[in-house]
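Peer 1: Give the three-dimensional model of this entry:
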Amino acid sequence: MTQAPDPFEKVNRASLSVNLAIDKVVMRPINTVYRTLVPEPGRQAFSNVYENSRSPVILLNDLLQGEPKRAGQTLARFLINSTVGVGGLLDVAAANGIPRHYEDFGQTLGVWGVKNGPYVVVPLLGPTTFRDGVGMAVDVLTDPLFWLFGGFGTNTDEGWAYMGGSMLIAYDSNRDDFEELQRSSIDLYSALRSAYLQHRQSELLNGGAADPNSLPDILDDLPPIE
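Peer 2: From the prediction side, this is the model:
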């Protein structure tokens with residue numbers, strides 16, 4: 001199901017306004033410079049490296065979802081791209097018939113039957129749901145790079161560089177679609193919520209979703225904020 005209750009709509013709309021201001025003043029200018037200095041093949045190579053670094057998290061969630069075939073694909077992609085693909089710069093695996101797929105703990109919870117819970121817009125991070133927010137936190141804690149770069153106890157240059165680079169890469173890959181959504185939407189908030197929920201449901205079904213009604217979801221019963 002692509003539905004998610006929206007009891008925090010007023011707060012969410014305010015958060016979206018904050019994010020749009022940050023987008024206009026900070027993220028878009030930085031990304032414009034990035035696109036000017038780095039040609040498209042270079043940006044794709046950086047994106048490939050980042051996606052390859054996510055392989056351990058994807059592999060774990062493949063296994064948690066009971067998808068051994070997809071887990072094997074993830075492991076094969078990581079080994080091939082980390083070696084022949086020069087640390088992930090080249091997606092050699094995809095060129096040889098092993099396509100990329102995405103899994104995260106939010107999807108895993110969905111496969112296990114946990115519903116979305118309320119829709120929320122988080123400053124800086126953007127749209128999510130209670131379920132996906134929990135999943136995001138678990139993904140961070142199960143990412144080997146998080147602990148390699150110091151975990152909770154240490155702020156390292158490498159950690160900040162990885163976080164900043166991943167944000168820039170994610171923004172760059174979504175910028176054109178987001179700008180098109182802005183141009184074509186009468187109500188950007190509603191359009192963004194619908195697009196996010198449909199996208200997440202599409203990812204969930206690709207992972208082999210279980211019956212979404214198999215577990216109760218008390219989060220759906222939260223009262224609206226007046």
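
Peer 1: Which strands and helices lie in contact with the top helix by length along the chain?
Peer 2: In the chain, with assignment by DSSP state H, the single longest helix is helix 157-184. Secondary-structure packing of helix 157-184 (3 or more C-beta pairs under 8 Å, 6 or more residues apart in numbering; DSSP states H and E): helix 28-37, helix 40-53, helix 188-206. For every residue, glycine as well, the C-beta is placed using N, CA and C.

Peer 1: Just the buried residues of that helix, please?
Peer 2: By 16 or more other C-beta atoms under 10 Å, the buried positions in helix 157-184 come out as 159, 162, 166, 168-169, 171-172, 175, 178.

Peer 1: how about the helices and strands packed on helix 157-184, which one is nearest L141?
Peer 2: helix 40-53 (15.8 Å; C-beta to C-beta).

Peer 1: mind listing what's buried in the helix or strand of the chain with the lowest mean pLDDT?
Peer 2: When the helices and strands of the chain are scored by mean pLDDT, DSSP states H and E, helix 144-148 comes last with a mean of 87. By 16+ other C-beta under 10 Å, the buried positions in helix 144-148 come out as 145-146.

Peer 1: From the chain's centroid, how far away is it?
Peer 2: Between the centre of helix 144-148 and the centre of its chain there are 18 Å (C-alpha atoms, centre = their mean, to the nearest Å).

Peer 1: Find the nearest non-adjacent residue to S185, please.
Peer 2: A191 (3.8 Å; C-beta to C-beta, 6 or more residues apart in numbering).

Peer 1: wait, that neighbour sits on F178?
Peer 2: No. Using C-beta atoms under 8 Å, A191 is not in contact with F178; the gap is 10.4 Å.

Peer 1: what about P127, how many residues close to it?
Peer 2: Close neighbours of P127, defined as other C-beta atoms under 10 Å, add up to 22.

Peer 1: What are the neighbouring residues in contact with R77?
Peer 2: 52, 55, 93-94, 98, 100 (C-beta atoms under 8 Å, 6 or more residues apart in numbering).

Peer 1: In PyMOL, how would I select the buried members of those residues?
Peer 2: Command for PyMOL, covering only those of the contacts of R77 found buried under the criterion 16+ other C-beta under 10 Å:
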select buried, resi 52+55+93+98+100
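
Peer 1: between the contacts of R77, which is closest to N19?
Peer 2: When the contacts of R77 are ranked by distance to N19 (C-beta to C-beta), R100 comes first, at 27.2 Å.
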